[in-house]
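K.L.:
okay, structure incoming, though there's no sequence with it:
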């Protein structure tokens with residue numbers, strides 16, 4: 001399911017974020033210290049190897065809503081953009097912090113001339129953000145940012161479950 005809006009292809013796939021070939025960058029749903037963890041951060045660090053942690057050390061800690069960029073190390077991607085999303089029910093205003101996370105990731109992608117990016121739906125794992133709400137925040141933010149995107153031409157959301165994939169696919173159909 002690929003659609004194009006303002007010259008940008010927006011898509012979703014079911015799979016492992018750390019195994020997305022053909023993208024300049026992948027986004028890590030990071031913790032403040034940019035260390036390996038559960039979920040997305042664990043998968044990305046495991047696949048990237050110990051060099052990623054070395055790249056991350058001088059950049060940590062980051063604040064909720066912030067994003068930083070490193071090399072991809074052993075990943076099939078040139079860059080990893082690390083975002084710290086809000087913990088739902090704790091970090092407020094959650095929707096604005098999540099929007100900032102997505103916004104800052106796309107700004108870094110633009111600064112580094114990234115043309116394609118694979119991104120999870122940030123904060124919806126251990127941080128407890130309701131998936132449907134997070135998808136809406138992400139797509140609303142993307143729509144607002146599209147006029148500013150010159151390098152980024154392909155954005156693919158990556159999820160692991162059939163249920164989340166179907167929710168995202170439906171939301172993307174309504175996005176256009």
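P.N.:
Good, I have the coordinates. Note that the coordinates shown come from a computational prediction; the quantities given were computed from them, not determined experimentally.
K.L.:
buried set for stretch 167-176?
P.N.:
167-169, 171-172, 175 (16 or more other Cβ atoms under 10 Å). Where C-beta positions appear, they are placed from N, C-alpha and C, glycine not excepted.
K.L.:
between those, which is nearest residue 89?
P.N.:
residue 167 (20.5 Å; Cβ to Cβ).
K.L.:
isn't that closest one right up against residue 130?
P.N.:
No. Look at residue 167 against residue 130 with Cβ atoms under 8 Å: they stay out of range, at 10.5 Å.
K.L.:
what's around residue 7, how many residues?
P.N.:
Per other Cβ atoms under 10 Å, the neighbour tally for residue 7 reads 10.
K.L.:
can you give the distance of stretch 150-169 from its chain's centre?
P.N.:
Relative to its chain's centre, stretch 150-169 lies at 10 Å (Cα atoms, centre = their mean, to the nearest Å).
K.L.:
which residues touch that stretch?
P.N.:
Stretch 150-169 is contacted from outside by 1, 7-17, 20, 23, 106, 109-110, 113-121, 124, 131-132, 135, 138, 142, 172, using Cβ atoms under 8 Å, 6 or more residues apart in numbering.
K.L.:
among the residues you listed, name the buried ones.
P.N.:
Buried residues within the contacts of stretch 150-169, counting neighbours by 16+ other Cβ under 10 Å: 10-13, 17, 20, 23, 106, 109, 114, 116-121, 124, 131, 135, 138, 142, 172.
K.L.:
let me know whether residue 136 touches residue 171 as I believe.
P.N.:
Yes. Between residue 136 and residue 171 there is a contact at 6.9 Å, judged by Cβ under 8 Å.
K.L.:
could you pull up phi and psi at the residue positioned nearest the centre of the chain?
P.N.:
Nearest to the geometric centre of the chain sits residue 119, at 3.3 Å (Cα atoms, centre = their mean). Phi and psi for residue 119, reported as degrees, to the nearest 10, are phi -140, psi 140.
K.L.:
find the nearest non-adjacent residue to it, please.
P.N.:
The spatial neighbour of residue 119 that comes closest, neighbours along the chain excluded (Cβ to Cβ, 6 or more residues apart in numbering), is residue 27 at 4.1 Å.
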